[in-house]
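Visitor: Got a sequence here, can you build the structure:
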Amino acid sequence: MNHYESGNACYEQGRMDEAIAEYREAIRLTPDYAEAHNNLGAALQALRRTDESVAAYREAVRLKPDYATAWNNLGSALQQQGNLSNAIDAYHRALSLDPNYALAHYNLGNALREQHRAPEAIDAFRAAVRLKPDFSEAHSNLGAILHHQERLEESLASYEAALRLRPNWGSAAAQVVHLLRQLCRWDELEPRAAALREAVVTDSSLAKGIPPFSMLAADTTPAEQLSCARQWASYKNLRALDDRRTRRAPSPDEAARALRIGYLSADFRPHATAYLIAGMLESHDRGTFHITAYDYGPPDASPMRERLRSAVPSFVEIDHLTDRAAAERIRDDGIDILVDLKGYTQHARTAILAYRPAPIQAQFLGYPGTMGTRIVDYLIADRFVVPESHFAHYVERVVHLPDCYQPNDPKRAIGVTPSRHEAGLPDTGFVFCSFNETWKIAPVMFDLWMRLLRAVPESVLWLLASNRSAAANLQREAEGRGVVAERLIFAPRVALPDHLGRIALADLVLDTLPYNAHTTASDALWSGVPVLTCPGETFASRVAGSLLTTMGLTELISTSLGEYEQKALELATYLERLAALKEKVRESRRTSPLFDAQRFTRNLEAAFQSMWRELCRRGL
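Guide: Presented below is the predicted three-dimensional model:
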């Protein structure tokens, strides 16, 4: 066996160091051996020696310019470097040589997706699955980008195709369940959701790729959510990737110095997280804290983004950097506490945290649950959303803020309230409301809401027009429960001030379970409308209860769905009681800590200082 073939054998067996040695010997003997240079690049890339792999691939294509495989591999290594433009050029070169190269189309789709070029990425993924119909990863990634483009039915079809090819693929199975929830296709939902939960409980092969967020909207326990998070962290290898012992521990005399805080997110743009944190960022004490925002979101020129830019001394765009390079930038900036605002939500780059760029890493606001990995030290919460009796279900150390964990922006403008007719509502009748996304509407809650509509003559249920299919499906479900479809009114998406203005037309907001209204609940309270909730046992199911407790509105917190239904019926029947409650909401809005950004920020800063003092006391 010659050195090239021996290298191939070592590569197939995963013995990369030996493969590299054999390929180098083959190249020493035959310097113009393009295939050996290409395979050397592959072995180096497998060990994440990316710069060396790029050099090897470049030599392969220099020696053999029509080598489509090497051009594709060069693109892959350049993409791993974060050099997307040159990667795309390499993929195009590979495809000019071999237009039927499915893997090159797939890789091109991934690179275009990273550059937020969705239409071109969709075309590339479609080409990949047309050329290779059993390409499960291409079907899945096509589903992901179609989902992001809100082409939900097409996305579902792509994920279903991926799942048919790989029936035990947890990621695809979870995405199918989430899309069924979004589309309110409940006939198919229950058995598929039950299979996911069973996989997590039994730690079956299906559980390895189930994103933890998919468990938050399901009827799961905190212990099950912890299991899913741990399984995901293991599956994604989300462990510390540096040796913390090589890093200098802060000394006790540093405990009182000014701290450098970094906020890490893709959502410094018109997004629920941005609407919540804007006032908080503007309220930070710049003499005691230096604040940096690290943004890896898509390009955005909105007024909200400009406001957030102005709110912090340093706004750093890291979208173009690899995870390692982003972590190095954060480390070089000397960040003391890195606050992740994404958790396991869409577009999160959790791997940045794995490089341990800051001595303290905390998760806050964006993800209501544990991340199941020690790369995050603290979870910022409050006593309602995570009571001490739940601490065992969190890997992170839980820090309780004294009021609600959710910040709010007291500068949110409330637009003019339209007439009922202008809002698409009937002129008379009680207005129940839920502006949550449709994936939060569980069948058991919809059953309850329909009973309320049947019990309260001329009442309507005002919902968000999340997607056309969901609206039609909900109307069909309503009719199946004896409620005419016209009693469900769907509100289009509008600008936030207009949305806050129209909420005032609602009489009572009905919360969802097992995943509450979060930002949508504080929006309603800011607009002066009562929110009725029923907390569960998980963080995601207790947020509205935390908001109401902070506002002194505990009479709107039910202990069971039976009590929830009874309270809703009473408020819809005894309107003078409802009027008094609305007045209490409006008064509390003015005096409550919930909408006091200065107070919230001082409490958060105190938490940061407490974390830092503890680190200085015990060292890394």
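
Visitor: from here on, contacts and neighbour counts on C-alpha atoms
Guide: Noted.

Visitor: Regarding the chain, what is its longest helix?
Guide: Identified as the longest helix of the chain according to DSSP state H is helix 597-618.

Visitor: from the chain's centre, how far out does that one sit?
Guide: On the basis of Cα atoms, centre = their mean, to the nearest Å, helix 597-618 is displaced by 25 Å from the centre of the chain it belongs to.

Visitor: Same check on stretch 121-131?
Guide: Its chain's average C-alpha position is 26 Å from that of stretch 121-131, according to Cα atoms, centre = their mean.

Visitor: avg pLDDT for it?
Guide: For stretch 121-131, the mean per-residue pLDDT is 98.

Visitor: what's next to that stretch, contact-wise?
Guide: Residues external to stretch 121-131 that are found in contact with it (Cα atoms under 8 Å, 6 or more residues apart in numbering): 100-106, 108-113, 135, 138-139, 141-142, 145-146.

Visitor: For that stretch, list every residue counted as buried.
Guide: Buried positions in stretch 121-131, judged by neighbour count with 16 or more other Cα atoms under 10 Å: 121, 122, 124, 125, 126, 127, 128, 129, 131.

Visitor: swap in stretch 178-190?
Guide: Residues of stretch 178-190 classed as buried by neighbour count (16+ other Cα under 10 Å): 178, 179, 180, 181, 182, 183, 184, 185, 186, 189.

Visitor: Which one of the residues you listed is nearest to residue 288?
Guide: Using Cα to Cα, residue 178 is the member of the buried residues of stretch 178-190 that lies nearest residue 288, at 43.0 Å.

Visitor: wait, isn't residue 402 in contact with residue 603?
Guide: Yes. Applying Cα atoms under 8 Å, one finds residue 402 in contact with residue 603, separated by 7.1 Å.

Visitor: which stretches of the protein have low pLDDT?
Guide: 1, 241-249, 253, 255, 620 (pLDDT under 70).

Visitor: which residues of it fall in strands?
Guide: With DSSP state E, the ranges of strands along the chain come out as 259-265, 289-295, 314-317, 337-340, 360-363, 378-382, 397-401, 431-434, 460-464, 488-491, 508-510, 531-532.

Visitor: Adding distance to residue 199 and mean neighbour count, write those strands out as JSON lines.
Guide: As requested, those are arranged in JSON lines below (distance: least, Cα to Cα, whole Å; neighbours: other Cα atoms under 10 Å):
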{"stretch": "strand 259-265", "distance to residue 199": "30", "mean neighbour count": "23"}
{"stretch": "strand 289-295", "distance to residue 199": "35", "mean neighbour count": "21"}
{"stretch": "strand 314-317", "distance to residue 199": "38", "mean neighbour count": "16"}
{"stretch": "strand 337-340", "distance to residue 199": "28", "mean neighbour count": "25"}
{"stretch": "strand 360-363", "distance to residue 199": "26", "mean neighbour count": "24"}
{"stretch": "strand 378-382", "distance to residue 199": "26", "mean neighbour count": "23"}
{"stretch": "strand 397-401", "distance to residue 199": "27", "mean neighbour count": "19"}
{"stretch": "strand 431-434", "distance to residue 199": "31", "mean neighbour count": "23"}
{"stretch": "strand 460-464", "distance to residue 199": "32", "mean neighbour count": "22"}
{"stretch": "strand 488-491", "distance to residue 199": "36", "mean neighbour count": "20"}
{"stretch": "strand 508-510", "distance to residue 199": "32", "mean neighbour count": "25"}
{"stretch": "strand 531-532", "distance to residue 199": "33", "mean neighbour count": "26"}
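
Visitor: Dump those into TSV; add distance to residue 614 as well.
Guide: Below are those laid out as TSV (distance: least, Cα to Cα, whole Å):
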stretch	distance to residue 614
strand 259-265	14
strand 289-295	17
strand 314-317	26
strand 337-340	12
strand 360-363	10
strand 378-382	12
strand 397-401	12
strand 431-434	43
strand 460-464	45
strand 488-491	49
strand 508-510	42
strand 531-532	38
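
Visitor: Out of these, the one nearest residue 89 is which?
Guide: With respect to residue 89, and counting by Cα to Cα, the nearest of the strands of the chain is strand 314-317 at 23.7 Å.

Visitor: The closest one - contacts with which helices or strands?
Guide: For strand 314-317, the elements it packs on are strand 289-295, judged by 3 or more Cα pairs under 8 Å, 6 or more residues apart in numbering; DSSP states H and E.

Visitor: Would you mind putting the CA coordinates of the strand it packs on into PDB?
Guide: The C-alpha trace of strand 289-295 is given here as PDB (Å, rounded to 0.1, in the frame of the first residue of the first chain):
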ATOM      1  CA  PHE A 289     -19.900  49.900  34.600                       C
ATOM      2  CA  HIS A 290     -18.600  49.900  31.100                       C
ATOM      3  CA  ILE A 291     -21.200  48.300  28.800                       C
ATOM      4  CA  THR A 292     -20.500  46.600  25.500                       C
ATOM      5  CA  ALA A 293     -23.100  45.100  23.200                       C
ATOM      6  CA  TYR A 294     -21.900  42.200  21.000                       C
ATOM      7  CA  ASP A 295     -24.200  41.800  18.100                       C
END
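
Visitor: Quick one: distance of that strand to the chain centre.
Guide: Centroid separation for strand 289-295 versus its chain: 20 Å, with Cα atoms, centre = their mean.

Visitor: strands paired with it, and their directions?
Guide: In the sheet, strand 289-295 lines up against strand 259-265 (parallel), strand 314-317 (parallel) (DSSP bridges).

Visitor: Export those as CSV, with columns for distance to residue 369.
Guide: As requested, the strands paired with strand 289-295 are exported to CSV (distance: least, Cα to Cα, whole Å):
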stretch, distance to residue 369
strand 259-265, 17
strand 314-317, 27
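
Visitor: These: which one's closest to residue 477?
Guide: Minimum separation from residue 477 across these (Cα to Cα) falls at strand 259-265, 37.6 Å.

Visitor: Helix 597-618 and the closest one, what's the angle between them?
Guide: Inter-element angle recorded for strand 259-265 and helix 597-618: 110 degrees (by axes from the mean of the first three to the mean of the last three Cα atoms, to 10 degrees).

Visitor: which residues are contacting strand 259-265?
Guide: Under Cα under 8 Å, 6+ apart, the answer for strand 259-265 is 288-297, 330, 334-342, 348, 609.

Visitor: give me the number of residues near residue 87?
Guide: Under the neighbour criterion other Cα atoms under 10 Å, residue 87 is assigned a count of 26.

Visitor: ok, it - contacts?
Guide: With Cα under 8 Å, 6+ apart, residue 87 has these contacts: 74, 75, 76, 77, 78, 79, 111.

Visitor: quick one: which two of these are the most distant?
Guide: Counting by Cα to Cα, the most remote pair of the contacts of residue 87 is 74 and 111, 12.8 Å apart.

Visitor: more crowded one of these two?
Guide: Each of residue 74 and residue 111 has its neighbours counted (other Cα under 10 Å); residue 74 has more, 31 against 24.

Visitor: What number of neighbouring residues does the nearest residue to that one once chain neighbours are set aside come out with?
Guide: Using Cα to Cα, 6 or more residues apart in numbering and skipping the chain neighbours, the partner closest in space to residue 74 is residue 57 (5.4 Å). Counted with other Cα under 10 Å, the neighbours of residue 57 add up to 29.
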